[in-house]
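Participant: how would this look folded up:
(one chain, ligands or ions: 2)
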Amino acid sequence: MSISVLGAGAFGTALAVSLAQNGPVTLWARDPAQAAQMAEARMNARRLPGVRLPDTVTVTADLDAAMADVVLLAIPMQQTAAFLAQNTGRLAGKALVACSKGIDLATGQGPTALIATTCPGAIPAVLTGPSFAADIARGLPTALTLACADAAAGTALQHALSTPTLRLYRTTDTTGAELGGALKNVIAIAAGVVIGAGLGDSARAALMTRGFAEMTRLATAFGAHPDTLMGLSGFGDLVLTCTSAQSRNFRFGQALGAAGSFDAEATIEGVATARAATALAARHGIDMPVTQMVAALVAGAITVENAVQALLSRPLKQE
Ligand SMILES: NC(=O)C1=CN([C@@H]2O[C@H](COP(=O)(O)OP(=O)(O)OC[C@H]3O[C@@H](n4cnc5c(N)ncnc54)[C@H](OP(=O)(O)O)[C@@H]3O)[C@@H](O)[C@H]2O)C=CC1
Ligand SMILES: O=C(CO)COP(=O)(O)O
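Facilitator: Ligands and ions are numbered 1, 2, ... in the order given. Have a look, this model is predicted:
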């Protein structure tokens, strides 16, 4: 099976580097100048500095040249719907593996639903779980979830995309896998706020636990299996992202909590996801207090102090 990665950001580049252990991989960057620079320097200096691109990685800005049997989509979630719509013909019939973590703001859909509605005949799948691009690219041991509703196709993808350092587990529960990966970013922002505001590790643990409860509530309401949330794509990624300063969502929250500034160019998926999840929760009558607070905080509609006060003064309830 030929493999390509669309999107030469930190994660797309890291995946291409890891997959190159198995054979040739094509990495597509939308900017021809960036593609040429990467091909020449054998490095993605802007997004993944210090990591050499193996000879088996071909970098191109030609999207037709980047078509393969298996196409990994490593572009930010809010750009995905438009990208798919612009490339429906090219992507038809491919196995399309979404590597982004989020919920489309305009439709409330995750990546597999977007693929299914936009690219008929494609096989939608998701690759998600606890993994920093830098760790994958350095060949550190990493385990991820490969979700595909078609069990046979999922098994084939699991084998094609596992490498000596990247171990994939499979599931048919695409809803659980993609909602776990999307919602943990929102809780990671909240965890960052707690640490940035100096509220302590005990508060962070409480927030992660209650955050996990609301992640599970929303995902199961949409048909996800609770076990999926307990796995790498949910609990595993929640732990990583809420506790590591490598996480952009966590660091963004830290800056919010400390009233500091943050790189406006950085990909912080949890910001749009907080809004999208809050809207979904309201529409379906699901209680998601932490997510709602994050949405209000990032919109500047509430202060950190008032958000904490509002969460602590909710009616006492059974766990
Ligand atoms: N970084 C990580 O450790 C991990 C990231 N992810 C997920 O991967 C996804 C991508 O994140 P990441 O790689 O880190 O982000 P980056 O900010 O590093 O890179 C984003 C990439 O997407 C490209 N891009 C943006 N818009 C478009 C578009 N409309 N069409 C084509 N390409 C586009 C950018 O191109 P350009 O440079 O030209 O702007 C850039 O190459 C996110 O959903 C993230 O949650 C998942 C696991 C780990
Ligand atoms: O998803 C990730 C780790 O699994 C990356 O997290 P950030 O996008 O917060 O950096």
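Participant: for the residue nearest to residue 160 when sequence neighbours are not counted, give me its contacts.
Facilitator: Distances taken as Cβ to Cβ, 6 or more residues apart in numbering place residue 1 nearest to residue 160, at 4.9 Å, with adjacent residues excluded. (Glycine included, C-beta is placed from N, CA and C.) Going by Cβ atoms under 8 Å, 6 or more residues apart in numbering, residue 1 touches 68-70, 95, 156, 160.
Participant: ok, now with 6 Å
Facilitator: 69-70, 160 (Cβ atoms under 6 Å, 6 or more residues apart in numbering).
Participant: between the residues you listed, which is nearest ligand 1?
Facilitator: residue 70 (16.8 Å; Cβ to the nearest ligand atom).
Participant: thought the closest one was touching residue 5?
Facilitator: No - contact criterion Cβ atoms under 6 Å: residue 70 and residue 5 do not qualify, at 9.6 Å.
Participant: and those two? Which one has more around it.
Facilitator: Per other Cβ atoms under 10 Å, whichever of residue 70 and residue 5 has more neighbours is residue 5, with 29 against 22.
Participant: so that one sits against residue 14, correct?
Facilitator: No - assessed by Cβ under 6 Å, residue 5 is found out of contact with residue 14, at 9.4 Å.
Participant: residues contacting the nearest residue to residue 236 once chain neighbours are set aside?
Facilitator: Nearest residue to residue 236, sequence neighbours excluded (Cβ to Cβ, 6+ apart): residue 130, at 4.5 Å. Counting by Cβ under 6 Å, 6+ apart, residue 130 makes contact with 236-237, 240.
Participant: in a strand, residue 168, correct?
Facilitator: Yes - when DSSP: H, G, I helix; E, B strand; the rest coil is applied, residue 168 is found to be in a strand.
Participant: hmm, it is touching residue 158, no?
Facilitator: Yes - at 4.8 Å, residue 168 counts as touching residue 158 under the criterion of Cβ under 6 Å.
Participant: chain center to the helix of greatest length in the chain: distance?
Facilitator: In the chain, with assignment by DSSP state H, the single longest helix is helix 174-196. How far helix 174-196 lies from its chain's middle: 9 Å, per Cα atoms, centre = their mean, to the nearest Å.
Participant: could you do stretch 27-44 as well?
Facilitator: Relative to its chain's centre, stretch 27-44 lies at 23 Å (Cα atoms, centre = their mean).
Participant: ok, the closest residue to residue 197 other than its chain neighbours - how many residues close by?
Facilitator: In space, and not counting its chain neighbours, residue 197 is closest to residue 257: 3.7 Å by Cβ to Cβ, 6+ apart. Neighbouring residues of residue 257 were enumerated by other Cβ under 10 Å; the total is 23.
Participant: who are the contact partners of residue 257?
Facilitator: 193, 196-197, 304.
Participant: now with 7 Å, please.
Facilitator: 192-197, 304 (Cβ atoms under 7 Å, 6 or more residues apart in numbering).
Participant: what's the spacing between whichever residue of the stretch 201-319 of the chain sits closest to ligand 1 and residue 249?
Facilitator: Across the stretch 201-319 of the chain, the shortest distance to ligand 1 (Cβ to the nearest ligand atom) belongs to residue 267, at 3.5 Å. From residue 267 across to residue 249, the span is 9 Å (Cβ to Cβ, to the nearest Å).
Participant: with residue 12 instead?
Facilitator: As judged by Cβ to Cβ, residue 12 and residue 249 stand 18 Å apart.
Participant: and the helices in the stretch 51-200 of the chain?
Facilitator: 77-86, 88-91, 111-118, 133-137, 151-161, 174-196 (DSSP state H, counting those that start in this stretch).
Participant: tell me which of those sits nearest to residue 47.
Facilitator: With Cβ to Cβ as the criterion, residue 47 lies closest to helix 133-137 of the helices of the stretch 51-200 of the chain, at 7.9 Å.
Participant: how about the closest one and ligand 1, any contact?
Facilitator: Yes - applying Cβ under 6 Å from any ligand atom, one finds helix 133-137 in contact with ligand 1 at residue 133.
Participant: for that helix, what is the average pLDDT?
Facilitator: The pLDDT scores in helix 133-137 average 98.
Participant: CA atoms only for that helix, dumped as CSV, please.
Facilitator: Provided in CSV are the C-alpha atoms of helix 133-137 (Å, rounded to 0.1, in the frame of the first residue of the first chain):
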residue,chain,number,x,y,z
ALA,A,133,5.2,15.1,17.2
ALA,A,134,8.8,15.5,18.6
ASP,A,135,8.6,12.1,20.4
ILE,A,136,7.3,10.2,17.4
ALA,A,137,9.9,11.8,15.1
